[in-house]
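Chemist: prediction below, plus the sequence it came from.
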Amino acid sequence: QDMLRNLGAFDVAMTVLSLVSSIPDSSEEIANNTREILRMCCVFLTWFIRGNKANQELAHEQLDFFIDNLSEDILAASVMAEIFRAHPRLIKQFPTHLISTFVEYTVGHGLDPQHLEVMEALTWQPAGSTESNVSLQYLILQELTMPQRADPVLFTCSEPESEQYVERRKLMAEAQKRLMEDGSADGHGELAGLMMNCDTLHMAPSLAYHVKLLDVLAGTAVGRLNITTVEAKLQNLYKPKDLLVALLDSSVTLDVLVPLANFFYHAVIEVEIVVPDLCKSPDLWNYLDVCVSHFGEAKKQLERMQE
């Protein structure tokens, strides 16, 4: 990463990305080809920036470009996410008005996970970091849970046997079938395996949005200085007993189970105020028993891989 920066790779990438201005005046074929080139460039930038503070700061100087092109389908949101991910100083400089803009985009355009990718990067803290980002975490939770936006935004599938829960079952089955048949990531071609969000490309956009939403909501509770109102709000959004029903549901696939378990841990287990009678719940003990079984099976598979 440092070598590429010293060789001027970022300037070259931004020169290529300037081709975005030619798209409106191009034929459909040329516009599609140009977008594919720009996507490749943005995928390169996500890896160029990821985890490298000097490169993050360099890309942050061009933040306005990526903000202006979020709707161009060139993976600009993925680049934005990597600019801020695990960089506390840049996170504090994030233009907070964009959070509302992102949520309003979802209200107007449907369940698109790309803006959640940026919010996820803003909420999660570096491992072992003592820095707090409570104000931004709370703002994200507040914007996502506004009552007037709840119906189009909060695709949590939380209530067992609700329409959303049934729809999630259907979407998971379709995604699993697509993954087993050809591992396809429709519309992304050879770029699929290189993209940061490659683990959700086999999903329908609404299911990818759902798992990313769970990660973002869980991220608002991460950190040692979180106020208890955040935990209470999350537990109200997805009640602990309903979470346990989903975690024990045999139809829930692994790619959805992991975000659910992550949400359960941060919103229900690692909390300042203990959930009443949680330790007496048979479902909790059944889930812990299932976890032990899964860990044992995972250990066996890892041992077989080492043979």
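Modeler: Perfect, I can see it now.
Chemist: ok, Thr200 to Ala81 distance?
Modeler: Here Thr200 is placed at a distance of 13 Å from Ala81 (CB to CB, to the nearest Å). Using the backbone N, CA and C atoms, a C-beta is placed for each residue, glycine as well.
Chemist: over to Ala31?
Modeler: Taken as CB to CB, the span from Ala31 to Ala81 is 25 Å.
Chemist: the two - which one has more neighbours?
Modeler: Ala81 (25 against 14; other CB atoms under 10 Å).
Chemist: nearest spatial neighbour of the more buried one, chain-adjacent residues omitted?
Modeler: Closest residue in space to Ala81, ignoring its immediate chain neighbours: Ala121 at 4.0 Å, by CB to CB, 6 or more residues apart in numbering.
Chemist: same for the one helix or strand that neighbour maps to, what does it pack against?
Modeler: Using DSSP states H and E, Ala121 maps to helix 114-123. When contacts are defined as 3 or more CB pairs under 8 Å, 6 or more residues apart in numbering; DSSP states H and E, helix 114-123 packs onto helix 76-84, helix 97-109, helix 134-144, helix 205-219.
Chemist: can I get the next helix or strand after the shortest one in CSV, CA atoms only?
Modeler: Sequence-wise, the next helix or strand beyond helix 76-84 is helix 88-92, with elements assigned using DSSP H and E. C-alpha atoms of helix 88-92 as CSV (Å, rounded to 0.1, in the frame of the first residue of the first chain):
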residue,chain,number,x,y,z
PRO,A,88,-11.1,7.6,14.9
ARG,A,89,-9.9,11.0,13.9
LEU,A,90,-11.5,10.9,10.4
ILE,A,91,-14.7,9.4,11.9
LYS,A,92,-15.0,12.5,14.1
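Chemist: show me what counts as buried in the strand or helix carrying Phe295.
Modeler: If you go by DSSP H and E, Phe295 is part of helix 282-306. Buried residues in helix 282-306, counted by 16 or more other CB atoms under 10 Å: 283-284, 287.
Chemist: which among the residues you listed gets closest to Asp255?
Modeler: The closest of the buried residues of helix 282-306 to Asp255 turns out to be Tyr287 (CB to CB; 18.2 Å).
Chemist: report the contact partners of the residue lying closest to that closest one once chain neighbours are set aside.
Modeler: Among residues not flanking Tyr287 along the chain, Leu247 sits closest, at 5.2 Å (CB to CB, 6+ apart). Applying CB atoms under 8 Å, 6 or more residues apart in numbering, we find Leu247 in contact with 257, 260-261, 264, 287, 290.
Chemist: kindly report the same for Val290.
Modeler: 247-248.
Chemist: same deal with Val103?
Modeler: Val103 sits next to 115, 143-144, 146, 149, 153 when contact means CB under 8 Å, 6+ apart.
Chemist: then Ala246?
Modeler: The contact partners of Ala246, taken as CB under 8 Å, 6+ apart, are 157-158, 160, 165, 252, 260.
Chemist: point me to the helix or strand that includes it.
Modeler: Ala246 is part of helix 240-247 when elements are defined by DSSP H and E.
Chemist: what is the helix or strand following that helix packed up against?
Modeler: Next along the chain after helix 240-247, taking DSSP H and E as the criterion, comes helix 254-264. Under the contact definition 3+ CB pairs under 8 Å, 6+ apart, helix 254-264 sits against helix 163-181, helix 205-219, helix 240-247.
Chemist: deepest of these, which one?
Modeler: Between the helices and strands packed on helix 254-264, helix 205-219 has the highest mean count of neighbours, a mean of 23, where neighbours are mean count of other CB atoms under 10 Å.
Chemist: show me what it is packed against.
Modeler: helix 114-123, helix 134-144, helix 163-181, helix 228-237, helix 254-264.
Chemist: what's the angle from it to helix 163-181?
Modeler: Orientation of helix 205-219 against helix 163-181 (axes from the mean of the first three to the mean of the last three CA atoms, to 10 degrees) gives an angle of 110 degrees.
Chemist: pull the contacting residues for the spatially closest residue to Phe155 that is not a sequence neighbour.
Modeler: Using CB to CB, 6+ apart and skipping residues adjacent in sequence, the residue nearest Phe155 is His210, 5.2 Å away. His210 makes contacts with 111, 155-157, 168, 171, 256, as judged by CB under 8 Å, 6+ apart.
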